[in-house]
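S.K.: okay, here's the prediction I keep looking at, along with the sequence it came from:
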Amino acid sequence: MKKRILKVISMLAAVLAAGIVYYLSTFFISVKCPVRRTTGFYCPGCGVTRMFKNMIKLDFYSAFRSNCAVFVLLPFFILFFAMRAYGYIKTGVPLYNKPMKIMIAAMTVFLLIFAVLRNIPCFSFLAPP
């Protein structure tokens, strides 16, 4: 069990380190969404980098405006991965039960609907600023 705890902590540290490197790189290079650049449509992830930068500055209103869907779903993403990590630490196998499958399906449908709506002119307020 101790090895599994250390493995989860090291994975969290790796994700945190990658996030810090990505955050710092955004000051030097501008990352453009390949979906937006190719199709001209906003994807469900457009504005997420700006959202996280605003969250780091504790500007939650601007973070919400940048990508309201991911902002709202973020606690559920965190809960999902925390439950999987807990299951892995406890049993050695990442937890993935029926409620978690339903939660992932619901979040996926929510993001797909959000992606469609934010590209309709009357819902332009959902597009990133």
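M.R.: Yep, it's here.

S.K.: which other helices and strands contact the host helix or strand of residue 80?
M.R.: Here residue 80, judged by DSSP states H and E, is contained in helix 68-91. If you count contacts as 3 or more C-beta pairs under 8 Å, 6 or more residues apart in numbering; DSSP states H and E, helix 68-91 packs onto helix 2-25, helix 48-56, helix 98-117. For every residue, glycine as well, the C-beta is placed using N, CA and C.

S.K.: flag every buried residue along the helix or strand following the second one.
M.R.: Heading C-terminal from helix 48-56, the first helix or strand you meet, by DSSP H and E, is helix 60-66. Applying a neighbour-count criterion of 16 or more other C-beta atoms under 10 Å, one finds 63, 64, 65, 66 buried in helix 60-66.

S.K.: ok, now which ones touch the first one?
M.R.: Yep, that's residue 63 we're talking about. Counting by C-beta atoms under 8 Å, 6 or more residues apart in numbering, residue 63 makes contact with 50, 51, 52, 54, 55, 71.

S.K.: lovely, talk soon.
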